[in-house]
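**Student:** predicted model and sequence follow; I will ask about them next.
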Amino acid sequence: MADVAAVRPASTVLLLRDSAAAREIEVFMMVRHHQIEFNSGALVFPGGSVDKGDQEIAGTPELYAGDQGLDAETLGFRIAGVRETFEESGILLARRKGAEALIDAAAAREIEAAHRLALCESKISFREVIETHGLVLALDALVPYAHWITPEGMPKRFDTWFFLAAAPPDQLGGHDGRESTDSIWVSPREALAGGEDGRFKLPFPTTRNLIRLGKQPAVAAALAAARDMTIVTVMPVMTRTADGGRELRIPREAGYDGEVFAFGAAG
């Protein structure tokens, strides 16, 4: 029996805003660089692995807020979500110490210009960025939305928590030009249509979460629905069909409108 690859903890954040032109949500998405090993060329949400620095921040409570009732492991996922969002989009979910509002777009741009590249190149730590600017990470801005584990048999496996977050006003975001080559604010409807007609390459979990998100008419409704959800862990199981095709099976109670999906269709 082949060895099962170790599972790495990771976080993904669906940054949301209300469309100015239509009654629907828009979500920030990026195109992965074609040379990236995992999900190369795919249209994805910001995210990545939890690292040692995230756990170090978790051990320093003055650097974050909104952690009531969260254990150390859960804190790591949320801190990684805020860090990866900043690294991959430039959007920063943080407050000045003592402030109630998230930092404004001008402050975020200043911090991004000073530190984002160095952070992505590991020349500075996220903790240093936070401390230099007197910031507190807004962990309460993240609402748990889904929990997916990469199937056994895959060479790279992740234990990924998906979070929803309302994008701070006027923080528009942009790809880093390194791990991602393009970025867009797009409605779930448009992203799914792009997956159908071949404009976009959508991973299976991305497709399922876009479909679910697209049922909500506005950001406030999506966040409220997520807060009321019972999150069921999804680890797809791949099986072969009688005609030689492949199917993915996930728990019906996870809330993705089905249990068995053809592998290689949208997503």
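**Tutor:** Perfect, I can see it now. Residues are numbered from 1 along each chain as shown.

**Student:** from here on, just use CA atoms for contacts and neighbour counts.
**Tutor:** OK.

**Student:** which stretches of this protein have low pLDDT?
**Tutor:** The model of the chain has pLDDT under 70 over residues 1-3, 32-41, 174-182, 264-267.

**Student:** residue boundaries of the strands in it?
**Tutor:** Residue ranges of the strands in the chain, as given by DSSP state E, are 7-18, 25-32, 43-44, 47-49, 64-65, 94-96, 135-138, 143-149, 157-166, 180-186, 237-240, 246-249, 260-262.

**Student:** list the helices and strands the longest one packs on?
**Tutor:** Using 3 or more C-alpha pairs under 8 Å, 6 or more residues apart in numbering; DSSP states H and E as the contact criterion, the secondary-structure elements in contact with strand 7-18 are strand 25-32, strand 47-49, helix 72-89, strand 157-166, helix 219-228.

**Student:** including distance to G195 and mean neighbour count, could these go into a markdown table?
**Tutor:** Output for the helices and strands packed on strand 7-18, formatted as a markdown table (distance: least, C-alpha to C-alpha, whole Å; neighbours: other C-alpha atoms under 10 Å):
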| stretch | distance to G195 | mean neighbour count |
| --- | --- | --- |
| strand 25-32 | 13 | 25 |
| strand 47-49 | 20 | 22 |
| helix 72-89 | 22 | 24 |
| strand 157-166 | 20 | 22 |
| helix 219-228 | 22 | 16 |
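
**Student:** looking at these, which is nearest to F126?
**Tutor:** When the helices and strands packed on strand 7-18 are compared by C-alpha to C-alpha, helix 72-89 sits nearest F126, at 6.9 Å.

**Student:** ok, and what's touching that closest one?
**Tutor:** Residues outside helix 72-89 that contact it (C-alpha atoms under 8 Å, 6 or more residues apart in numbering): 9-13, 46-51, 54-55, 57-59, 67, 91-93, 112, 116, 119-120, 126, 137, 139, 142, 161, 163, 173-176, 179-180.

**Student:** how about a cut-off of 7 Å?
**Tutor:** 10-13, 46-48, 50, 54-55, 58, 91-93, 116, 120, 126, 139, 173-176 (C-alpha atoms under 7 Å, 6 or more residues apart in numbering).

**Student:** on that earlier part again, between the helices and strands packed on strand 7-18, which one is closest to V234.
**Tutor:** Per C-alpha to C-alpha, nearest to V234 of the helices and strands packed on strand 7-18: strand 157-166, 9.7 Å.

**Student:** sheet partners, orientation included, of the closest one?
**Tutor:** Its sheet considered, strand 157-166 pairs with strand 7-18 (parallel), strand 143-149 (antiparallel) by DSSP bridges.

**Student:** quick check, distance from stretch 131-139 to the centre of its chain.
**Tutor:** Centroid separation for stretch 131-139 versus its chain: 20 Å, with C-alpha atoms, centre = their mean, to the nearest Å.
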